[in-house]
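Engineer: prediction below, plus the sequence it came from.
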Amino acid sequence: MTTFPTLSDKRAIEEGPVLAPKFDRDGLVTCIATDAKTGELLMVAHMNAESLKRSIETGEAWYWSRSRGELWHKGDTSGQVQTIVEMRVDCDQDALWIKVEVGGDGGCCHTHRRSCFYRSVPLRDAAGAALTFA
């Protein structure tokens with residue numbers, strides 16, 4: 001089992017040099033992937049301790065597939081390997097941001113699109129009124 005340190009001191013978590021990800025109750029941390037050159041948002045996935053360790057060690061993105069319940073090396077079957085150019089952790093260490101270069105055809109989404117974020121959500125109706133939900 002791969003382990004990362006657990007920090008309880010808020011200052012150490014927010015300002016210290018130690019990577020101590022705050023995994024959720026399922027042992028996961030959210031990871032946002034963007035294009036290293038353009039900044040385009042490509043995808044959001046999750047990492048567990050093992051996939052984070054492999055990502056750091058290999059320089060390629062590894063994730064935890066919640067639907068399959070297994071490690072997932074991005075691009076292993078599609079050729080869309082994500083080479084990590086930079087990895088950042090947020091202030092309370094419960095989210096990661098990786099800037100990547102994408103191999104293969106450059107896509108990231110299983111729908112064969114470049115980005116998983118290809119749909120817009122309307123915030124106003126046709127008359128310009130803000131949408132509300134019951």
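Structural biologist: Sure thing, it's come through.
Engineer: check residue 1 and give its pLDDT.
Structural biologist: Here the pLDDT value assigned to residue 1 is 56.
Engineer: swap in residue 66?
Structural biologist: pLDDT at residue 66 comes out at 93.
Engineer: residues touching it, list them.
Structural biologist: Shown in contact with residue 66 (C-beta atoms under 8 Å, 6 or more residues apart in numbering): 26, 28, 46. (C-beta placed from N, C-alpha, C; glycine too.)
Engineer: same question for residue 75.
Structural biologist: Contacts of residue 75 were listed using C-beta under 8 Å, 6+ apart, and they are 60, 61, 81, 82, 102, 103, 104.
Engineer: tell me the one of those nearest residue 124?
Structural biologist: Set against residue 124, the nearest of the contacts of residue 75 by C-beta to C-beta is residue 102 (33.6 Å).
Engineer: count the residues that sit near that closest one.
Structural biologist: Residues contacting residue 102 under the criterion other C-beta atoms under 10 Å number 23.
Engineer: quick one on the thing from earlier: nearest to residue 40, of the contacts of residue 66?
Structural biologist: Taking C-beta to C-beta as the measure, residue 40 sits nearest to residue 46 out of the contacts of residue 66, at 20.2 Å.
Engineer: so what's that closest one closest to, chain neighbours aside?
Structural biologist: What sits nearest to residue 46 in space, not counting adjacent residues and going by C-beta to C-beta, 6 or more residues apart in numbering, is residue 28, at 4.2 Å.
Engineer: give me the phi and psi for that neighbour.
Structural biologist: Phi and psi for residue 28, reported as degrees, to the nearest 10, are phi -120, psi 150.
Engineer: who's in contact with it?
Structural biologist: Neighbour list for residue 28: 46, 47, 48, 64, 66 [criterion: C-beta under 8 Å, 6+ apart].
Engineer: what about those residues, which are in strands?
Structural biologist: Residues of the contacts of residue 28 located in strands (DSSP state E): 46, 47, 64.
Engineer: hmm, back to that, got the contacts of residue 75 as TSV, with secondary structure and pLDDT columns?
Structural biologist: Shown next, in TSV, are the contacts of residue 75 (DSSP: H, G, I helix; E, B strand; the rest coil; pLDDT from 0 to 100):
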residue	secondary structure	pLDDT
60	strand	98
61	coil	98
81	coil	95
82	strand	96
102	strand	95
103	coil	93
104	coil	89
